[in-house]
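In: Quick one: sequence and predicted model below, then my questions.
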Amino acid sequence: MNAPALTIRRATAVDAAPLAAFGARVFRAAYAAANDAEDMRLHVARTYSVALQAAEIAAPGCRYLLALEATTIVGYACLQLGATHPAVTGLAPCEIRRFYVDPAHHGTTVAATLMAAAADDARASGARTLWLGAWERSPRALRFYAKQDFVDIGCTTFVLGRNAQTDRLLVRALN
């Protein structure tokens with residue numbers, strides 16, 4: 001039996017609850033084993049509430065792209081147009097604030113397809129530079145971003161709950 005075709009679309013208000021549930025689940029899957037349970041609880045509560053997802057979906061300059069198989073979310077990207085970091089010097093920056101794929105879909109084309117859609121959306125919105133932070137202790141993610149033409153330009157701090165962690169700062173020009 002063939003897997004359902006992958007579609008990419010922008011999130012709308014009706015996606016807030018399933019996006020919140022998916023985001024919390026995949027974040028825990030990615031980081032819970034290597035982090036303190038209370039720090040994880042705090043971060044998930046601050047980041048993945050339905051109300052926050054709804055507010056971000058509605059916010060100007062914030063874009064959520066959903067990767068779907070039929071009606072099931074299998075990945076998502078959150079873009080913030082105009083967001084920058086002091087080390088990001090490229091023109092017209094756009095931050096990829098979150099980029100996650102369901103672990104069951106790792107090693108498939110979902111991540112690359114979603115990244116291509118994110119780059120296309122950012123470019124169509126006037127961005128010329130795409131950037132993100134990726135946890136320094138996530139070699140799989142760092143390898144993926146390198147394959148997607150991101151270049152490591154240094155580090156930045158990411159606070160998980162009460163724990164300051166180091167993210168690699170990655171940048172890609174959008175031609």
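Out: That came through fine. Residues are numbered from 1 along each chain as shown.
In: Quickly list what the nearest residue to Phe150 once chain neighbours are set aside is bridged to.
Out: Counting by Cβ to Cβ, 6 or more residues apart in numbering, Phe150 lies nearest to Leu170, which is 3.9 Å off, once chain neighbours are set aside. C-beta here means a position set from N, CA and C on the backbone, and glycine is covered the same way. Beta-bridge pairing for Leu170 (DSSP bridges): Leu132, Asp152.
In: contacting residues for Leu170?
Out: 131-134, 145, 150-153 (Cβ atoms under 8 Å, 6 or more residues apart in numbering).
In: try 6 Å this time
Out: 132, 134, 145, 150, 152 (Cβ atoms under 6 Å, 6 or more residues apart in numbering).
In: in what helix or strand does Leu130 lie?
Out: Using DSSP states H and E, Leu130 sits within strand 129-135.
In: Give the other helices and strands that the helix or strand hosting Phe22 contacts.
Out: If you go by DSSP H and E, Phe22 is part of helix 16-31. Applying 3 or more Cβ pairs under 6 Å, 6 or more residues apart in numbering; DSSP states H and E, one finds that helix 16-31 makes contact with helix 50-58.
In: what's the helix or strand just after the helix it packs on in contact with?
Out: Downstream of helix 50-58, the next assigned helix or strand under DSSP H and E is strand 62-69. With Cβ under 6 Å, 6+ apart as the test, strand 62-69 has contacts from 4, 6-9, 11, 56-57, 73-80, 110, 114, 117-118, 121.
In: same thing with stretch 11-31?
Out: By Cβ under 6 Å, 6+ apart, the residues outside stretch 11-31 that reach it are 44, 48, 50, 53-54, 57, 64, 66, 73, 100, 103.
In: Of those residues, just the buried ones, PyMOL syntax please.
Out: The PyMOL selection below is limited to those of the contacts of stretch 11-31 classed as buried (16 or more other Cβ atoms under 10 Å):
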select buried, resi 44+48+53+54+57+64+66+73+100
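In: phi, psi of the closest residue to Thr129 other than its chain neighbours?
Out: Nearest residue to Thr129, sequence neighbours excluded (Cβ to Cβ, 6+ apart): Gly90, at 2.9 Å. Main-chain dihedrals, Gly90, degrees, to the nearest 10: phi -70, psi 160.
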